[in-house]
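Visitor: Sequence first, then the predicted structure:
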Amino acid sequence: MKIIGHLINGTLVSESSTSGNSRVQEVTNPSTNQVTAKVSLAAKATVEEAIAAAEAAFPAWRNLATAKRVRIMYRLRDLLQENAAKICELITLEHGKVLGDAMGELQRGIENIEYVCSTPEMLKGEHSKNVGPSIDSWSEFQPLGVCAGITPFNFPAMVPLWMWPMAIACGNTFVLKPSERTPSSALLIAELGIEAGIPAGVLNVVNGGKEAVDTLLTDKRIQAVSFVGSTPIAEYVYTTGTAHGKRVQAFGGAKNHAIVMPDADLDNAAAALMGAAYGSCGERCMAISVAVAVGNDTADTLIEKLKVQIAELRVGDGMDGRSDMGPLVTPQHLEKVESYIAAGINEGAELAVDGRNHKVSGYEKGNYLGACLFDRVTPEMSIHSGEIFGPVLCIMRVETMQEAMDIIDAHEYGNGTCLFTRDGEAARYFSDNIKVGMVGINVPLPVPVAHHSFGGWKRSLFGDLHAYGPDSVRFYTKRKTITQRWPASGVREGIQFSFPSNQ
Ligand code: NAD
């Protein structure tokens, strides 16, 4: 049985060789529930070893020319493209998403690396000449030191690529702790980073669970933590990390609503909702899980169109090129999603399409659930308040756009949202006023491209700066402002007790 270990100081190591313990967790294929590998669960001592390697590598790395750091990123980009098939197969075999979706995820990660290649431009700083007599002043952006990343199961390749390429291009060193449920692709990508030329210790990967995370959150040598995962853990990571003096950005869960206006192109809206609700089996933080239809006619027509398309949805093994939607990640998660469905029925929602008991021939033991569609969902129902994270789309019915916006604004999450309409005035009002971090107009998954930054509002993000793009340069650097005087030779300043100004 393959044991997935850690990457510490440029070398792949097993847990038993580092801490002497051999704690492991099984990694399974969601399509069959067969165990494909065992992943090491790092003890505190192992994580400390990775932090020590990162700390030792920092002084030389921070002083390396930015252009040389970035040249490694260009090589990494090429290596990721050359190895894309292998990486995506690992994603699909551990996560369950279909191969085409895994390719999309990896491509988004590669686009982050392409943006990272512009860090010499980003780190240029700001300069002012003659801010006073013979005085010049400038701001520069210095690396923080050792940074850490803790990532979720659902984008095992892309989310780590939101973090460490920018962190290390800015001159930091890094310890990544991927999800123990989907660990292989992040580790392979890190190995490709070493092949591309990242020096030993600059990038380290430790696999594990809570003990590994807690070590990263409390160790004095860690300067900053980027986290992506569920809201309760995001809040815990934020409060614990900041209480230990770290800079923390912690991205949490979501409940993303689309508003469908009566004037919308409903064929287009239905097609967009199919992908946004059921793509990746609904296991995306930007998935649309609620469609709020304005007017009963809109709701009725939308549901009819969705029913036709759901009937054609091909649910099956992610490695099978004919599948549109794969299995959920684990049997426990399937059980959780099914318990939400049962609660929805009990609370009075109408299950217009029931995807339960979906069997895929040849994969009877997989975590399969067909697409589910609820109608007449109301705000207080648990299928509306909770993040289901499965292939369950809820339809709500309202009379006006304002009513729909009030439902969205009252929700604890504020990650993404979308409006389907042909009305520019409504679109402008919506995007200007809705209390959500990422907004789409006729775009169901408004995930910002790599040269913008990603982040939700409310309890979808703890911290200030968003992920990747320009915000990530600021997150992984600290500003230093230097004020320097070189008076002409022979000129001497007298003593000055009042606060210096240009008056
Ligand atoms: P999760 O919170 O269970 O796990 C995320 C990470 O935290 C993992 O590395 C895990 O090992 C660690 N962890 C789990 N429990 C912990 C604990 N008690 N103490 C310390 N560390 C712990 O999340 P998940 O199930 O892997 O991912 C799905 C969640 O992530 C969803 O809620 C989804 O919305 C969210 N997500 C958010 C974004 C975003 O950008 N906002 C992106 C992707 C996923």
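Guide: Perfect, I can see it now.

Visitor: Stretch 314-334: end-to-end distance?
Guide: 18 Å (Cα to Cα, to the nearest Å).

Visitor: Other residues contacting it?
Guide: Stretch 314-334 is touched from outside by 28, 30-31, 33, 89, 92-93, 95-102, 153-154, 181-182, 278-281, 283, 313, 337, 355, 358, 360, 362-363, 366-371, 389-391, with contacts defined as Cβ atoms under 8 Å, 6 or more residues apart in numbering. (Glycine included, C-beta is placed from N, CA and C.)

Visitor: Any of those residues buried? List them.
Guide: 28, 30-31, 33, 89, 92-93, 95-99, 101-102, 153-154, 181-182, 278-281, 283, 313, 337, 355, 358, 360, 363, 366-371, 389-391 (16 or more other Cβ atoms under 10 Å).

Visitor: Cross-check those against the ligand and keep the overlap.
Guide: For the ligand, the contacts drawn from the buried ones among the contacts of stretch 314-334 by Cβ under 6 Å from any ligand atom are 153-154, 389.

Visitor: Which ones among those map onto strands?
Guide: If you go by DSSP state E, these have nothing in strands.

Visitor: and which of those is nearest C117?
Guide: Closest approach to C117 among these (Cβ to Cβ): N154, at 26.3 Å.

Visitor: Just list the residues touching the closest one, thanks.
Guide: 95, 182, 280, 283-285, 329, 389.

Visitor: Enumerate the residues of the stretch 1-150 of the chain near the ligand.
Guide: Near the ligand, when you scan the stretch 1-150 of the chain using Cβ under 6 Å from any ligand atom, you find I150.

Visitor: Now the stretch 1-150 of the chain against the ligand: closest residue?
Guide: At 4.9 Å from the ligand, I150 is the closest residue in the stretch 1-150 of the chain, using Cβ to the nearest ligand atom.

Visitor: wait, that residue sits on A224?
Guide: No: with contact defined as Cβ atoms under 8 Å, I150 and A224 do not form a contacting pair (11.7 Å).

Visitor: more crowded one of these two?
Guide: I150 (27 against 23; other Cβ atoms under 10 Å).

Visitor: which residues touch that one?
Guide: 177, 213, 216, 225-229, 237.

Visitor: Now, those that are in helices?
Guide: 213, 216, 237 (DSSP state H).

Visitor: I'd like to know which of the ones next to the ligand among the buried ones among the contacts of stretch 314-334 is nearest to the ligand.
Guide: For those, the nearest to the ligand is F153 (3.9 Å; Cβ to the nearest ligand atom).

Visitor: contacting residues around that closest one?
Guide: 95, 179, 181-182, 329.

Visitor: Please report how far Y74 lies from E380.
Guide: For Y74, the distance to E380 (Cβ to Cβ, to the nearest Å) stands at 52 Å.

Visitor: Neighbour count for these two, which is higher?
Guide: Y74 (15 against 8).

Visitor: nearest spatial neighbour of the more buried one, skipping sequence neighbours?
Guide: C117 (6.0 Å; Cβ to Cβ, 6 or more residues apart in numbering).

Visitor: Contact partners for that neighbour?
Guide: So C117 contacts 70, 73-74, 77, 169 (Cβ under 8 Å, 6+ apart).

Visitor: One more pass at 6 Å, please.
Guide: Neighbouring residues of C117 by Cβ atoms under 6 Å, 6 or more residues apart in numbering: 70, 73-74.

Visitor: Pairing partners for the residue of the stretch 1-150 of the chain closest to the ligand in the sheet, please.
Guide: K177, F227 (DSSP bridges).

Visitor: Next one: it from K177, what distance?
Guide: 5 Å.

Visitor: do I168 as well
Guide: Counting by Cβ to Cβ - I168 and K177 are separated by 16 Å.

Visitor: go on, G104?
Guide: Distance from G104 to K177, by Cβ to Cβ: 24 Å.

Visitor: Which one's more surrounded, these two?
Guide: Taking neighbours as other Cβ under 10 Å, G104 and K177 compare with K177 leading, 28 against 16.

Visitor: Now do the contacts for the more buried one.
Guide: K177 neighbours (Cβ under 6 Å, 6+ apart): 150, 206, 212.

Visitor: pLDDT score assigned to the first one?
Guide: Model confidence at I150, expressed as pLDDT, equals 98.

Visitor: again with the one 3 residues further on
Guide: We note a pLDDT of 98 for F153 in this prediction.

Visitor: ok, which of the ones in helices among the contacts of I150 also contact the ligand?
Guide: Within the ones in helices among the contacts of I150, those near the ligand by Cβ under 6 Å from any ligand atom are V213.

Visitor: Switch the ones in helices among the contacts of I150 over to a markdown table, and while doing so, append distance to D263, neighbour count and pLDDT to every line.
Guide: Below are the ones in helices among the contacts of I150 laid out as a markdown table (distance: Cβ to Cβ, whole Å; neighbours: other Cβ atoms under 10 Å; pLDDT from 0 to 100):
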| residue | distance to D263 | neighbour count | pLDDT |
| --- | --- | --- | --- |
| V213 | 48 | 24 | 98 |
| L216 | 50 | 31 | 98 |
| V237 | 43 | 29 | 98 |
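
Visitor: Out of the ones in helices among the contacts of I150, flag the one nearest to the ligand.
Guide: V213 (3.6 Å).

Visitor: which bits of the stretch 351-500 of the chain sit near the ligand?
Guide: 387, 389, 415, 456, 460.

Visitor: so can I have JSON lines of these showing distance to I135?
Guide: Shown next, in JSON lines, are these (distance: Cβ to Cβ, whole Å):
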{"residue": "E387", "distance to I135": "54"}
{"residue": "F389", "distance to I135": "56"}
{"residue": "N415", "distance to I135": "46"}
{"residue": "G456", "distance to I135": "43"}
{"residue": "S460", "distance to I135": "44"}
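
Visitor: Now, those residues that are in helices?
Guide: Among those, no member falls in helices (DSSP H).

Visitor: Widest-spaced pair of those residues?
Guide: The farthest-apart pair in these, when distances are taken by Cβ to Cβ, is F389 and G456, at 14.9 Å.

Visitor: Now do the nearest residue to D265 once chain neighbours are set aside against V260, distance only.
Guide: Distances taken as Cβ to Cβ, 6+ apart place R422 nearest to D265, at 6.9 Å, with adjacent residues excluded. Here the criterion is Cβ to Cβ. By it, R422 lies 12 Å from V260.

Visitor: Between those two, which has more neighbouring residues?
Guide: Neighbours per residue (other Cβ under 10 Å) separate R422 from V260, with V260 holding more: 26 against 12.

Visitor: quick one, what contacts that one?
Guide: By Cβ under 6 Å, 6+ apart, the contact set of V260 is 269, 291, 293, 298, 302, 420.

Visitor: Mind doing that once more with 7 Å?
Guide: 269, 291-294, 298, 302, 420 (Cβ atoms under 7 Å, 6 or more residues apart in numbering).

Visitor: what pairs with it across the strands?
Guide: A293, F420.

Visitor: and it, how far is that from K307?
Guide: 15 Å.

Visitor: same thing with E89?
Guide: 34 Å.

Visitor: Next: M286.
Guide: M286 is 24 Å from K307, by Cβ to Cβ.

Visitor: Comparing the two, which residue is more hemmed in?
Guide: M286 (21 against 14).

Visitor: Shouldn't that one be within a helix?
Guide: No: under DSSP: H, G, I helix; E, B strand; the rest coil, M286 falls outside any helix and is assigned coil.

Visitor: Am I right that it is in contact with L445?
Guide: Yes: judged on Cβ atoms under 7 Å, M286 makes contact with L445 at a distance of 5.0 Å.

Visitor: between those two, what contacts are shared?
Guide: By Cβ under 7 Å, 6+ apart, no residue touches both M286 and L445.

Visitor: Now do the buried residues in the helix of greatest length in the chain.
Guide: Ranked by residue count under DSSP H, the longest helix found in the chain is helix 44-63. Using 16+ other Cβ under 10 Å as the test for burial, helix 44-63 gives 46-55, 57-58, 61-62.
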